[in-house]
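**Q** after the sequence you'll find the predicted model.
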Amino acid sequence: MSSPSPSDGPAPAEAPPQASGRKSSRWSRRTKLKNGTFILPATGERVRRQITLRNPGNFQGPHPQLGDSSNDDYFPLRRTYSRAGTFRTAVENTTASAKEFWRWLQTPTAKGVLKCSLAYLLGSMGTFLPPLAHFLGKQDGKHIVATITVYFHPARSVGSMEEGILLGLAAFLYATFIAISGMATSVFFESQAHLIGVAYALIIIVFCGGGLGLVGWLKQKFNSPLVNVAASTASIAIITVLTKENAVHVGMFTNDKIVQVMKMVIMGLSTSFAVSMLVWPVSARTELRETMIKTTDSLSSMLTMITRGFLSGSETDLRSSSFTKALAKYKSVYSQMTKNLREAKFEHYFLGHEEQYKIQDRLVNCMQRLSQSIGGLRSAAATQFTLLREMPNRGGTPNMNHYSIPQIYGGPFSPTSSAKQDRFAVLTAIEEASEEGSGAEDPPPEEGSPLHHIGRPSSKNGNGTMPTARTPSEIFSRFILQLGPSMKSLAYTLSQILDELPFGEGPEYAIAINEHFQTSLTDAIKLYSVARSDALRELYKSKDIDRDRPPSVEADFEEVAASCGHFSFSLLSFAEEMQNFMTILEELKDLIDGPQPRSWKWLRFWWKERSSKKQSADSDPERESLIDQNRENDVPKDLPTFALQRRRSRTWKAESEGQENPRSGLYRYAIVLLRFMERDDIRFAIKVGIGAALWSMFAFIPETRPIYRHWRGEWGLVSFMLVCSMTIGASNTTGYARFLATFVGAISATLVWASCQGNPFALAFCGWLFSIPCFYLIVAKGKGPLGRFTLLTYNLSALYSYSLSVAEVDDDSDEGGTAPAIIEIASHRVAAVLAGVVWGLIITRVVWPISARQKFKDGLSLLWLRMGLIWKRDPLSAMVEGESKESYMNLREEFILQRYVLQLDNLRDAATNEFELRGPFPSKAYGRIIESTNKMLNAFHAMNLVIEKDPTPTDGETLLLKHTLEERMQLCARISHLFQVLASSLRLEYPMNDALPSAERPRDRLLTKIFQYRKSAASSEDPSAVVATDEDYELLYAYALVTGQLAEEIKKIEKEVELLFGVVDEDLLKLQ
């Protein structure tokens, strides 16, 4: 992890090299920050010494699994020509591989694979063990017990296993309800009305079509792996009872198959739960604490590297492999942390610790806000780097040469090299010094050093202020000189606290919060706040605002001030959020250490009142859906007129109140029904029901029923339910996995059966061995469908064949009886599965096809239009008009947009598997577009953070906002217009105009207006006039910085869209 470190003396490793000539003179001119006062978080002690923000991750040491000898890296390539040497090499390689395999067996992944294989072995005993086989009855399908252990495998936490059991039982109850209802319908029409044909029609349409359609709707509604396997379990039970059992076809009620399914589900779930609890049990609560520790470590590393990069003025830290690894680690760990939080919820609720879960949920949300603050710091630092790169280019103009010479640095500079020297002065002035001794004050700068005139007290003017800064680069230098030590000190305190929090070492993972942490952080924030106010005040006073400059130069001055002010504000916001984090952690510690009364209030779901539901929905954004449709009484204030008319036209209203005719109600219900049918999830459920009904129809037609039974059509219908997905791309992905896994499973089952010759011990052992690579695909590689389908096909062939051989199955003589024809059995299953896969792909493409490509483009266009509408509201105008701050963007809307981006990214992954004649889907290009969209949403959050901190503007802020109203409206309109152009081009897949207006000009006008206002306010002699203070400019500075980030990311997206669809030219617009 990265952490800053104080030192009482110089570090030998960082001592400057003893060189001569130009190198040694350049080292002697190296500048350094003065010593700063920082807080030791563990004791609360104030210490004044030099600290260095280090990153030990940059050191790439030897691989831990290799020896110290350099020859070990080339050991596999060693060539020997003697027979003894070759044998010794083979032995050493075998020994090394065995040790490596043994180390892998100690990993959680290997333990999970072994647990799954053990559960599968125990589940197969329902077929191989005679007492269990007799207990399950004479019906076929005993291999379902092993299949249940595959679906609900034990390589999961206790909380996830509890959720799986609940879903498995719910799936069985639903399947039982559908099966009993279908049987009752058949019995009623056969015995009472003698209309068995009508019963068949109702069973096909209502129970097969409607029941399986509802299963498909639930599957895509929750989009969860456990819900998917529960839906598969319910589908197998429903299809087996309704389409295969004779009781439904002859109008006779029997519960034999239902009881057998109940026994198999209970046996499979019990086996998986027992293995999960008894063999290497995994607690989601423990996993949650581990991921929280890793998350805080990643935040500490990123905070250290971003702060050090900002202080040094170099992008090296943010472009280093260490920062990339820390960022990638955070993303992976955070997704795992949210997963563990959900699973820990079930553990807490079953144990009666509801309050612990609620506090942990708040803790995770707080960590998400900390990461968003890190994003604000990173964007502010990136703006600084951009400005440093652009200043030399602007400095090359004739108007800039005169002002770009750093006069305060002393020494002659040639006009032709002013820009180069200016940039070099910036990077030198803010470079971080090596560690110095503690206690002593900094020695005065040497003669001729860049800080010679800045650092000396005598360099101040008579009023005690710094000399005037004449260039934007000097503003950077001045700001870092003033606030750099305090910034490093606060970053040191924060990183030290993050390294210690939130929990100690395992396996206890006790809450590790020092009693001095809260007071230490409070003192550090106070020190930083005072230093920040002083630094900003000196920064604004030091700017040379009396001279006349071009507007671009004036905009540079204000942009530099905005970057400095916003970075310091983001660091302060991060520290304040850390206070909230520690407060929640202390609350959790008090709850755990005190008496813990157990409660199971979640069982009393009927006690919830409407008011509490509404309040919880507003306070918890996770309860809201993606891109919630605004109601008629809650529409955006800037919604166009035509959109309002279209919205109203979708709701039926009578021509006049009180004069409704009888048809009005019919029209109203018709409109409601049509709007309901427009939803993609409803259409998906209907087409799943249509496909299932058409397939199951062959089980009830007398002419096709024998073929259906001989070729095991029920497994084709099961395959259809597994393959049929929301989009074409997802169906292609699942269909390919099902197709490949079916062949592998069938061939493996044939080979195993031929080798074992029906011996149950050999079959059980070979099945256990075969399950290990399948579970490795499921657990380690994340390829669940491929591993599950392979084992399912293996079970359908090998385990079913053993049941036939021991006469445990009735009426299955068409496949060899007690002498199973394994090739015929496997071929029947393969044919049925492949037919079901093809049928699923046909239904997905023919009936209301939903293309992931088109869905992705439509969704991304909708997101951009929504973002443009949000920004068109002008986030700062609501403060002046006195409206609610929610008119810009509240927490709920922000969370919805972030969730929607994740959904779009999933659609992008599915679109890569859609094949069209125009070529493959450009996933990488759209991935970069999604990345830029995420950065823009982070900028939205940064603006929201500034507004929410103090939603009531001061008199000075109100004056500034009114003074810049016209420029802000132009800037907001330009950004909203660019969003609309991008959305239109993407939606229509039409080339863009290469002469699009830029958002930089309106932004420069805004910054120039701010600079001119400061200049006029400074020259004002009216003492009674309201003058904006230095702190009042922070709001507009943050606004300017956010709009700059939006403009930059919009430019990137423009380039990507141009590469995708081209640019409008004369050949494209020829008049035919």
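**A** That came through, no problem.

**Q** gap between stretch 745-756 and the chain center?
**A** 42 Å (CA atoms, centre = their mean, to the nearest Å).

**Q** and it, what's buried?
**A** Residues of stretch 745-756 classed as buried by neighbour count (16 or more other CB atoms under 10 Å): 745, 746, 748, 749, 750, 752, 753, 756. All C-beta spots, glycine's among them, are computed from the backbone N, C-alpha and C.

**Q** and for stretch 914-924?
**A** Within stretch 914-924, the residues that qualify as buried are 914, 921, 922, counting by 16+ other CB under 10 Å.

**Q** what do you get for stretch 208-227?
**A** Going by 16+ other CB under 10 Å, stretch 208-227 has these buried residues: 208-220, 226-227.

**Q** by pLDDT, give me the weakest of those residues.
**A** Within the buried residues of stretch 208-227, pLDDT reaches its minimum at residue 220, with 86.

**Q** that one reaches residue 681, doesn't it?
**A** Yes - the pair residue 220 and residue 681 qualifies as a contact (CB atoms under 8 Å) at a distance of 6.2 Å.

**Q** shared neighbours, these two?
**A** Listed as contacting both residue 220 and residue 681 by CB atoms under 8 Å, 6 or more residues apart in numbering are residue 726.

**Q** from residue 222, how far off is residue 243?
**A** In this view, residue 243 and residue 222 are 26 Å apart by CB to CB, to the nearest Å.

**Q** same question for residue 879.
**A** From residue 879 to residue 222 the distance is 40 Å (CB to CB).

**Q** do a quick rundown of the strands in this protein.
**A** 3-6, 36-40, 45-49, 51-54 (DSSP state E).

**Q** run the chain-centre distance for stretch 303-320.
**A** 24 Å.

**Q** just give me the neighbour total for the residue nearest to residue 376 when sequence neighbours are not counted.
**A** In space, residue 376 comes closest to residue 570 once its chain neighbours are excluded; the distance is 4.0 Å by CB to CB, 6 or more residues apart in numbering. When neighbours are counted by other CB atoms under 10 Å, residue 570 registers 26.

**Q** can we start the residue count at 20 from this point?
**A** Got it, first residue is 20 now, which makes that one residue 589.

**Q** residue 589 contacts residue 958, correct?
**A** No - using CB under 8 Å, residue 589 is not in contact with residue 958; the gap is 11.8 Å.

**Q** now do the same contact list for the residue nearest to residue 395.
**A** Applying CB under 8 Å, 6+ apart, we find residue 589 in contact with 392, 395, 396, 399, 961.

**Q** which one of those residues is nearest residue 116?
**A** Checking the contacts of residue 589 against residue 116 by CB to CB gives residue 396 as the nearest, at 45.7 Å.

**Q** ok, now which ones touch the nearest residue to residue 523 once chain neighbours are set aside?
**A** With sequence-adjacent residues excluded and distances taken as CB to CB, 6+ apart, residue 523 is closest to residue 531, at 4.1 Å. By CB under 8 Å, 6+ apart, residue 531 lies in contact with 519, 520, 521, 522, 523.

**Q** next, the contact list for the closest residue to the second one other than its chain neighbours, please.
**A** So the one you mean is residue 520. Nearest residue to residue 520, sequence neighbours excluded (CB to CB, 6+ apart): residue 315, at 5.6 Å. Residue 315 sits next to 386, 517, 518, 520, 521 when contact means CB under 8 Å, 6+ apart.

**Q** now the terminal residues of stretch 862-880, how far apart.
**A** Stretch 862-880 has an end-to-end distance of 27 Å (CA to CA, to the nearest Å).

**Q** contact partners of it?
**A** 699, 702-703, 705-707, 709-710, 739, 742-750, 919, 922-923, 926-927, 929-930, 932-933, 935, 940, 945, 948-949, 952, 1002-1003, 1005-1006, 1008.

**Q** mean pLDDT for the strands of the chain: which is lowest?
**A** Here those differ in mean pLDDT, and the lowest is strand 22-25 at a mean of 47.

**Q** now do the helices in the stretch 170-319 of the chain.
**A** With helices called from DSSP state H, counting those that start in this stretch, the stretch 170-319 of the chain shows them at 177-207, 215-221, 230-241, 244-258, 265-269, 275-297, 303-331.

**Q** so the last one versus helix 177-207, what angle?
**A** Taking axes from the mean of the first three to the mean of the last three CA atoms, to 10 degrees, one finds that helix 303-331 is oriented at 130 degrees with respect to helix 177-207.

**Q** what comes up buried for helix 303-331?
**A** For helix 303-331, by 16+ other CB under 10 Å, it's 303-331.

**Q** repeat for the longest one
**A** Of the residues in helix 177-207, those scored as buried under the neighbour-count criterion (16+ other CB under 10 Å) are 177-184, 186-187, 190-191, 193-195, 197-198, 200-202, 204-207.

**Q** for it, which helices and strands make contact with it?
**A** helix 215-221, helix 244-258, helix 265-269, helix 275-297, helix 303-331, helix 340-370 (3 or more CB pairs under 8 Å, 6 or more residues apart in numbering; DSSP states H and E).

**Q** nearest to residue 991, out of those helices?
**A** Among these, if distance is taken as CB to CB, the winner is helix 303-331, at 28.4 Å.

**Q** pLDDT averaged over the closest one - what is it?
**A** Regarding helix 303-331, the rounded mean pLDDT is 89.

**Q** and the angle from it to helix 340-370?
**A** Orientation of helix 303-331 against helix 340-370 (the same axes, to 10 degrees) gives an angle of 150 degrees.

**Q** distance from helix 303-331 to the middle of the chain?
**A** With CA atoms, centre = their mean, you get 16 Å for helix 303-331.

**Q** now do stretch 689-698
**A** Stretch 689-698 has its C-alpha centroid displaced from the chain centroid by 33 Å (CA atoms, centre = their mean).

**Q** hmm, back to that, tabulate the helices of the stretch 170-319 of the chain (a markdown table), appending distance to residue 894.
**A** Shown next, in a markdown table, are the helices of the stretch 170-319 of the chain (distance: least, CB to CB, whole Å):
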| stretch | distance to residue 894 |
| --- | --- |
| helix 177-207 | 40 |
| helix 215-221 | 58 |
| helix 230-241 | 34 |
| helix 244-258 | 39 |
| helix 265-269 | 62 |
| helix 275-297 | 49 |
| helix 303-331 | 25 |
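
**Q** among the ones you listed, which is nearest residue 1019?
**A** Closest to residue 1019 of the helices of the stretch 170-319 of the chain, according to CB to CB: helix 303-331, at 22.9 Å.

**Q** point out where the stretch 820-969 of the chain drops to low pLDDT.
**A** 827-833, 835, 900-911 (pLDDT under 70).
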